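Visitor: Sharing a sequence plus its predicted fold:
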Amino acid sequence: MLIPLLLIAVVIALVLALLYWLLVTTEGVYLGKRVVIFLYDLYAPRYDKIKEYQPPYEYYFLARPILGEIYPLSDPLVLDVATGTGRLPIALCDHEDFNGHVIATDLSRRMLEQAAAKMQGEARITFLRCAAERLPFPDNSFDVVTCLEALEFMESREDALRECVRVLRPGGVLLITNRINTRTMPGRLWRDDEVFALLESFGMSVSQSEPWQTDYHKIWGLKDGESEPIGTAKWKRGASRPHP
Ligand SMILES: C[S@@+](CC[C@H](N)C(=O)[O-])C[C@H]1O[C@@H](n2cnc3c(N)ncnc32)[C@H](O)[C@@H]1O
């Protein structure tokens, strides 16, 4: 009697461990897009608390380098793919030199709701719910495209990256992150040189990667060719959120 009970206990423990790994450790990534987005919808209200974003860190390591890359353009049209709770648009709008506009997209409605709640009254951000793999914008539409800490959760990272490059104008700046902690997501992650090769095949010139937080590298790219900045100076701007 004891041995079957022990066996049942072991099986239950293994199933629970597997479920924890599938739903928590790897955030649903092996179960498909619907599960990933369901989990982000579920965790959205607690997401910022879990991540503990520090505004000065975002200012120095996100907003400042992006504005440095595009200098002297200060009114870029920016696309942030998989924006989550709006980390990138918030960092840009908090920078005193940013006079552009950010279109912030995500597939999780609840994540976008959190972002929008934080940015009420900010006229320089537009939120849009759409999949990264099929962006609803024409080719060559943005001065800057970013996608941070999200590609590893997507069913087709190749499609998402191809879309990021497609909507970027020639000469525009791409900033993405590559997750490098391969222990937690076996088979789901790329080496940096694989990302470089993919981006180059899409028509990007890629600079070296640099460390980004614990599990990531930041990768910068320039889309081959040249074109006039898109900019937003011609847009009529409304009221902006005061800088903190
Ligand atoms: C770890 S969060 C990163 C959010 C934000 N970029 C940041 O750095 O805080 C990953 C985000 O990717 C979004 N996401 C996952 N798969 C997606 C897809 N296929 N299309 C669009 N967004 C997706 C999730 O909803 C989530 O908000």
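Guide: Sure, I can see it.

Visitor: List the contacts of the closest residue to residue 226 other than its chain neighbours.
Guide: Nearest residue to residue 226 in three dimensions, chain neighbours excluded: residue 171, at 4.6 Å (CB to CB, 6 or more residues apart in numbering). Every residue, glycine included, has its C-beta placed from N, CA and C. By CB atoms under 8 Å, 6 or more residues apart in numbering, the residues touching residue 171 are 222-223, 225-227.

Visitor: and of those, the nearest to residue 155?
Guide: When the contacts of residue 171 are ranked by distance to residue 155 (CB to CB), residue 223 comes first, at 24.2 Å.

Visitor: Bridged to that closest one, which residues?
Guide: residue 204 (DSSP bridges).

Visitor: Please name the nearest non-neighbouring residue to the residue in the chain that the ligand sits nearest to.
Guide: Closest to the ligand within the chain is residue 84: 2.5 Å, counting by CB to the nearest ligand atom. In space, and not counting its chain neighbours, residue 84 is closest to residue 111: 5.1 Å by CB to CB, 6+ apart.

Visitor: Can you give me the neighbour number for that neighbour?
Guide: 24 (other CB atoms under 10 Å).

Visitor: quick one: which helix or strand includes it?
Guide: Using DSSP states H and E, residue 111 sits in helix 109-118.

Visitor: how many degrees apart are the helix or strand just after that helix and helix 109-118 in direction?
Guide: Per DSSP H and E, the first helix or strand lying C-terminal to helix 109-118 is strand 125-129. What separates the directions of strand 125-129 and helix 109-118 is an angle of 170 degrees, with axes from the mean of the first three to the mean of the last three CA atoms, to 10 degrees.

Visitor: Following the chain onward from strand 125-129, which element is next?
Guide: strand 142-147.

Visitor: Which other helices and strands does that next one contact?
Guide: helix 64-70, strand 77-81, helix 157-167, strand 168-179 (3 or more CB pairs under 8 Å, 6 or more residues apart in numbering; DSSP states H and E).

Visitor: Could you give the separation of stretch 142-157 from the chain centroid?
Guide: Relative to the centre of its chain, stretch 142-157 is centred 5 Å away, using CA atoms, centre = their mean, to the nearest Å.
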